[in-house]
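Colleague: this one's structure only:
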């Protein structure tokens, strides 16, 4: 029996070393693009170093017990009566408790350091809605620069204040190693310091509806002077132009994240192009006027689905999210803007206004 235990122990140790080494060699995460990414990756490695040997030890004992103490054919006897071992029971309760507590403290230290307030932190408001992200940069005077993609300066702390207009979402930037749920009715926060210039994905990591997989946009990390030029151009445009109410509703509720509309500088292709609707609406539904067709598409998007696009791609709750006045304003704007544009699909190559130098 003692010899068998020694053999099982040696086997468990050898397997633990091999599997742990393989686990540490595997590149589990994308490239690091924030100052906290290295700490998060190290925490993950420590969790692997602790948990893999425990898993291997437990499974080795289980397999050994199944093989060594299995009932032979024709053996219907009860097993030998045995008594518990108090010291062993104390050990297998105390050791996991200490390990889990130590790992929890270590994880708390990493999280606390990541969320520690930093000077010169930039605030970005993030709004989630089925199925797009919207970003706002508060400016002096109460106005905000709005964007359907996230632009950040390199090496400057950023705090995200996250809200949702409908259901639970999860704000996740894998390269930053940050992920924060959005919960209806409250504001959640997370922060980071981007450390590598480049383009990365902003992903929803919580199943939020049938169009969940399309809730993916871009974060552009750039040098400080390039970001200053981008935000400066947006501030000038904000100060110089009286906002078109319909265009404001269009951008505020994330329509530009899915549709192409030349007047709004939108060039997304998740949903049908809104340019040139006057030329096609009567072919799609000859019983409706252009305004009625646009209104139906907003408040009851499944009533008519344009061929080639998914029925679940358009949120079905805009009738409750938008007020009657906002819907009327949006319908009037889309009818005018789409009639004056260059035709369905032709604006897909028009870049967003005042974009950063790329």
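Modeller: Yep, that arrived. Since the structure is predicted, the reported quantities are computational estimates derived from the model, not experimental observations. Numbers count the residues shown, from 1 in each chain.
Colleague: what sits up against stretch 198-213?
Modeller: 33, 128, 130-131, 133, 150, 166-176, 179, 181, 215-221, 310, 312-315 (Cβ atoms under 8 Å, 6 or more residues apart in numbering). (Glycine included, C-beta is placed from N, CA and C.)
Colleague: from those residues, which land in strands?
Modeller: If you go by DSSP state E, the contacts of stretch 198-213 have 128, 133, 150, 169-173, 179, 181, 216-221 in strands.
Colleague: now that we have the residues you listed, which one has the most neighbours?
Modeller: For the ones in strands among the contacts of stretch 198-213, the largest number of neighbours (other Cβ atoms under 10 Å) sits with residue 169, at 30 neighbours.
Colleague: ok, that residue - contacts?
Modeller: Taking Cβ under 8 Å, 6+ apart, one finds 128, 181, 182, 204, 206, 208, 215 in contact with residue 169.
Colleague: pLDDT weak spots in the chain?
Modeller: For the chain, applying pLDDT under 70 flags the ranges 1, 141-142, 240-243, 340-358.
Colleague: can you show me the helices along the stretch 51-200 of the chain?
Modeller: 86-114 (DSSP state H, counting those that start in this stretch).
Colleague: surely residue 215 and residue 131 touch.
Modeller: Yes - Residue 215 lies in contact with residue 131 (Cβ atoms under 8 Å); the separation is 4.2 Å.
Colleague: residue 238: neighbouring residues, count only.
Modeller: Residue 238: 16 neighbours (other Cβ under 10 Å).
Colleague: how far away is it from residue 248?
Modeller: 11 Å (Cβ to Cβ, to the nearest Å).
Colleague: kindly report the same for residue 270.
Modeller: Residue 270 is 21 Å from residue 248, by Cβ to Cβ.
Colleague: again, but for residue 122
Modeller: 23 Å.
Colleague: ok, residue 120 next?
Modeller: Taking Cβ to Cβ, one finds residue 120 at 30 Å from residue 248.
Colleague: who has more neighbours out of these two?
Modeller: residue 248 (16 against 6).
Colleague: in the helix or strand harbouring that one, what's buried?
Modeller: Per DSSP states H and E, residue 248 falls inside helix 245-252. Of the residues in helix 245-252, 246, 247, 248, 249, 250, 251, 252 count as buried by neighbour count, 16 or more other Cβ atoms under 10 Å.
Colleague: what sits against residue 274?
Modeller: 259, 260, 261, 266, 334, 337, 338, 341.
Colleague: could I get these as CSV with distance to residue 42 and secondary structure?
Modeller: CSV is the format used below for the contacts of residue 274 (distance: Cβ to Cβ, whole Å; DSSP: H, G, I helix; E, B strand; the rest coil):
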residue, distance to residue 42, secondary structure
259, 43, coil
260, 44, strand
261, 46, strand
266, 41, strand
334, 50, helix
337, 51, helix
338, 52, helix
341, 52, coil
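Colleague: need the residues you listed in CSV with neighbour count, can you?
Modeller: Formatted as CSV, the contacts of residue 274 follow (neighbours: other Cβ atoms under 10 Å):
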residue, neighbour count
259, 21
260, 25
261, 25
266, 25
334, 28
337, 20
338, 25
341, 23
